[in-house]
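Undergrad: Build me a model:
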Amino acid sequence: MSPPLVSIRSVLSGQHTGQKVHLRGWIHRYRTSGKIVFATLRDATGTLQTTTKKGVADDASFEEALKGSIEASVELTGTVKADERAPGGFEVGVEQFHLVGSSHDFPIYESTVDADAQETLLDKRHLFLRSRHLANAMILRAKTLKAFREWFDEHGFFETTPSVITTNNCEGGSEVFEFDYFGQKAFLSQSSQLYLEALVFGLERVYCLLPSFRAEKSRTRKHLTEFQHLEAEEAWVDNKGNMEIQEQLVSYVARRVADTAEEQLVALGREPADLRKVTTPFKRHTYDEAISLLRKKDYDRGRDAKGRRRGAIEWGEDLGAPDEAALVEGEEKPVFVMNWPADMKAFYMHSNGDGTVANADMIAPFGFGEIIGGSQRSTDVEWMKGRLVEQAKRDGTALDLNAYEWYFDLRRYGSVPHAGFGLGTERVVRWLGNLDHIRDATPFPRTPSRAYP
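TA: From the prediction side, this is the model:
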């Protein structure tokens with residue numbers, strides 16, 4: 001009877017010690033002394049040391065093993081041995097070795113991660129995805145998305161799929177990808193929010209996970225031009241209730257990932273215990289309070305376009321990365337900043353009647369910045385029209401109010417208080433996994449300078 005095909009994880013767990021097994025994967029590390037071939041095998045579950053010795057393996061297998069190289073794909077059969085000297089405590093003594101796909105002069109190595117090599121690694125992203133670092137990040141990403149869906153399913157939300165082709169400029173500004181749609185001006189969606197608002201009147205609680213696009217020329221560790229946008233909308237909910245939903249969701253996901261992706265978190269440099277501390281409630285600051293707190297702190301805000309050091313933050317300024325980091329310094333959980341000046345936010349947010357809107361941004365601890373933006377939605381059509389006009393004048397963009405008539409209809413026929421939020425999944429994965437750059441939270445990052453591969 002042929003030996004069973006097993007995963008490397010099952011070998012490392014001690015399930016097959018002393019048994020003959022069949023393995024397949026890729027060569028992660030390779031060296032030979034002439035009579036022994038040492039090959040570290042990699043599959044999706046881990047890495048395992050194997051040794052192919054002349055005289056133990058049959059002659060044809062040994063010749064195949066000698067042809068091995070980094071990232072060659074192989075199948076092998078051998079006996080599992082416990083060995084404290086081997087990485088992971090086990091190795092396989094190979095008896096049969098089959099080279100499935102050769103790999104000559106593999107162009108990158110996992111150790112090639114210095115800044116000078118980053119462009120090469122991005123050019124070869126299709127190959128660098130094989131690295132253990134990115135494999136762990138992608139597994140963490142998958143388990144994070146699963147945890148999001150678990151929470152939504154358990155709390156009465158329906159997953160929906162609005163179109164990413166739209167004639168509405170949801171977030172305002174000129175930072176949209178515009179294209180010709182059979183003679184009609186259209187945009188790649190900045191957000192599915194407006195469509196989710198239409199859906200709540202039939203389903204009450206909805207969410208979607210779809211790509212959003214921002215034509216921002218931002219070259220930072222937390223910006224992408226295309227990202228997976230997790231958005232939710234809830235009928236009969238105000239801004240306070242919206243924040244409670246957000247903190248419950250994020251708390252659940254952080255602790256769930258700490259349990260289900262512990263191996264990946266440790267490999268990426270995040271202590272799972274850090275995420276188990278993310279419990280509700282989260283601290284809340286009004287925008288005014290946040291500005292006041294920051295003005296009392298001594299921290300480096302960076303430099304302006306002329307290279308001059310920026311002074312203390314002023315009321316009316318947005319929070320930059322140094323400001324967000326200073327605000328959450330010493331915190332173990334995310335922090336909300338709510339009730340921002342209306343002029344700084346989108347047209348659809350509910351007015352508090354004092355020049356501010358009923359919104360909140362969630363800022364992650366440890367300097368990872370904003371991960372969620374949410375608000376109670378306005379039900380006042382004239383207020384929203386006025387805000388759109390002001391916004392277009394400020395941004396210097398053309399405005400066609402008729403393009404929003406369908407959206408205004410939602411307020412004309414049985415409107416109710418409702419709220420929602422948008423979460424950048426790559427930003428959340430970056431925070432959870434303690435990743436240095438957002439590009440490692442997505443398989444093929446899209447930035448202002450990169451659309452290849």
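
Undergrad: and stretch 200-218, which residues are buried?
TA: Neighbour-count burial for stretch 200-218 flags 200, 204-210, 212-214, 216 (criterion: 16 or more other C-beta atoms under 10 Å). No exception for glycine: its C-beta is placed from N, CA and C like everyone else's.

Undergrad: I'd like the average pLDDT over it.
TA: The average pLDDT within stretch 200-218 is 95.

Undergrad: now swap in stretch 245-261 and tell me
TA: pLDDT averaged over stretch 245-261 gives 98.

Undergrad: With stretch 295-302 instead?
TA: 95.

Undergrad: export that stretch as PDB, just CAs?
TA: The C-alpha coordinates for stretch 295-302 follow below in PDB (Å, rounded to 0.1, in the frame of the first residue of the first chain):
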ATOM      1  CA  ARG A 295      -1.500  70.600  21.600                       C
ATOM      2  CA  LYS A 296      -0.300  69.500  25.100                       C
ATOM      3  CA  LYS A 297       2.000  66.900  23.700                       C
ATOM      4  CA  ASP A 298       5.500  67.400  22.500                       C
ATOM      5  CA  TYR A 299       6.000  65.300  19.400                       C
ATOM      6  CA  ASP A 300       7.500  65.600  15.900                       C
ATOM      7  CA  ARG A 301       4.800  66.500  13.300                       C
ATOM      8  CA  GLY A 302       7.300  66.200  10.400                       C
END
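
Undergrad: which residues touch that stretch?
TA: Under the contact criterion C-beta atoms under 8 Å, 6 or more residues apart in numbering, stretch 295-302 has outside partners 309-313, 320-323, 325-326, 329.

Undergrad: Residue 394 belongs to a strand, doesn't it?
TA: No - Residue 394: not assigned to a strand; according to DSSP: H, G, I helix; E, B strand; the rest coil it is helix.

Undergrad: For it, grab the count of nearby residues.
TA: Residue 394 has 11 neighbouring residues, counting by other C-beta atoms under 10 Å.

Undergrad: do the one 10 residues further on as well
TA: Each residue near residue 404 was counted by other C-beta under 10 Å, and the total is 21.

Undergrad: follow-up on the earlier one: quick check: the two most widely separated of the buried residues of stretch 200-218?
TA: 204 and 216 (33.1 Å; C-beta to C-beta).

Undergrad: can you map out the strands along the stretch 151-300 of the chain?
TA: 158-159, 165-166, 178-181, 184-188, 205-213, 226-235, 283-286 (DSSP state E, counting those that start in this stretch).

Undergrad: Residue ranges in this structure under the pLDDT threshold?
TA: Counting by pLDDT under 70, the chain has low-confidence residues at 110-116, 172-174.

Undergrad: domains of it?
TA: 8-101, 123-441 (automatic domain parsing).

Undergrad: Go through those and name the closest to residue 2.
TA: Set against residue 2 and scored by C-beta to C-beta, these come closest in domain 8-101, at 6.9 Å.
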